[in-house]
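[1] Sequence and predicted model, in that order:
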Amino acid sequence: MSHLIRPITHSEGPIVAPAQGLSRVSFFQLVRLGAGASRSISVPGCETLCVVLSGRATIAVGRDVFKEVGCRAGIWDGPADSVYCGTGRTIAITAHRDNTEIAVAGGVCAQSFAPFRITPEEVSMVEVGSVATHSRRRIFHILGQNANGRAGNLLVSELYADGGCWSGYPPHKHDTERPPEETNFEEIYHYRFNPETGFGGQFLYDEQVPGAAEPKVVMTRHGDTFLVDKGYHPTVASPGHQGYIFTILVGLHQRSLIQSFEPRHRHLMDKIPGIQAMRDKFK
């Protein structure tokens, strides 16, 4: 079950949440506050991560108080400053600047984990693709290998694609638990473009076998969100517009993400630089 969610179709509450029936294990909410304003969020049964997209805030999780979180004016200004908020904790956010925006990513988690901060210096980046292959993108892993042993099955990253370039390419999927070939992860994409007039295309399709569902292609615009729970799902940004995807991955069985690339396109894995480095970063 995959869904495109336009910005006008949701209020200030969760965009995606297990309780809504759209996802099995994933949570996503955007919090926008002016200077001095506060908001409390509670996501029972989920581990959560607060990523400051813009502005600055104090993020309190019980007795753990993280002050002055956030160091960029917007998503195009370097790696993010974030707070992992543990499992099932109430989060209190107080903005220190106007136009403070925080992405709250979450995943169903039965274990209890303690909060911790992830500074921009702790964010790991991997560059994938090239201009020549129209596939250049940089992936900034906010909650990745740096949280092994300290978090459940939640992985969060920011992807920046050059204008006219593909990401999630060669086409891959992660909807079946069959390690070491593939692991089962639900995924949320939240798109932005620079300039905001940009757009992209999100593809979604199953194996090309008799009885398979018809391939799906949707136009993605600034502020859209897309939920993927199965199938191959490459995406592309329009030429002249830098693409951004806030990415939430939640493993149904484990923390290690192993992508399975479409057999008829696997020969491209050797032609597009950085594919193996990207795979290693997600494991």
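    Happy to help now that I have it. Owing to the predicted nature of the structure, the values given are computational and were not obtained by experimental measurement.

[2] remind me which residues of the protein are low pLDDT?
    Residue ranges of the chain with pLDDT under 70: 1-2, 9-11, 209-211.

[3] Give me the distance between the residue most central in space within it and Ser26.
    Nearest residue to the geometric centre of the chain (CA atoms, centre = their mean): Thr247, 1.1 Å. In this view, Thr247 and Ser26 are 11 Å apart by CB to CB, to the nearest Å. In this view, the C-beta of every residue, glycine as well, is placed from N, C-alpha and C.

[4] Quickly list what's touching both of these two.
    Taking CB atoms under 8 Å, 6 or more residues apart in numbering as the criterion, Thr247 and Ser26 both touch Glu187, Ile188.

[5] what residues are up against the closest residue to Gln242 other than its chain neighbours?
    What sits nearest to Gln242 in space, not counting adjacent residues and going by CB to CB, 6 or more residues apart in numbering, is Asn194, at 4.3 Å. Applying CB under 8 Å, 6+ apart, one finds that Asn194 lies in contact with Trp76, His241, Gln242, Tyr244.

[6] How are the helices of the stretch 51-200 of the chain distributed by residue range?
    Secondary structure of the stretch 51-200 of the chain by DSSP state H, counting those that start in this stretch: no helices are present.

[7] ok, Asp175 - contacts?
    Glu182, Asn184, Phe185, Asp229, Lys230, Gly231.

[8] so the third one sits right up against Val250, yeah?
    Yes. Look at Phe185 against Val250 with CB atoms under 8 Å: they come within range, at 6.4 Å.

[9] Now do the shared contacts for those two.
    With CB under 8 Å, 6+ apart as the test, Phe185 and Val250 both reach Asn153, Leu155.

[10] how much space between Gly74 and Ile15?
    Gly74 is 19 Å from Ile15, where distance means CB to CB.

[11] who has more neighbours, the two?
    Comparing Gly74 with Ile15 by other CB atoms under 10 Å, the one with more neighbours is Ile15, at 22 against 14.

[12] Quick check: nearest residue in space to that one, chain neighbours excluded?
    Leaving out its chain neighbours, Ile15 is closest to Phe28 (CB to CB, 6+ apart), at 4.9 Å.

[13] Contacts only, for His241.
    By CB under 8 Å, 6+ apart, the contact list for His241 reads Gly163, Phe193, Asn194, Pro195, Thr197, Gly198, Phe199, Gly200.

[14] Could you measure from the closest residue in space to it that isn't next to it in sequence over to His3?
    Excluding the flanking residues, the one nearest His241 by CB to CB, 6+ apart is Gly198, at 2.6 Å. Counting by CB to CB, the gap from Gly198 to His3 is 22 Å.

[15] Looking at the two, which one has more neighbours?
    Neighbour count, other CB under 10 Å: between Gly198 and His3, Gly198 has more, with 21 against 16.

[16] quick one: the more buried one from Tyr84, how far?
    Taking CB to CB as the measure, Gly198 falls 31 Å from Tyr84.

[17] What of Phe282?
    To Tyr84, Phe282 is 18 Å away according to CB to CB.

[18] of those two, who's got more company?
    Using other CB under 10 Å, the more surrounded residue of Phe282 and Tyr84 is Tyr84, with 26 against 21.
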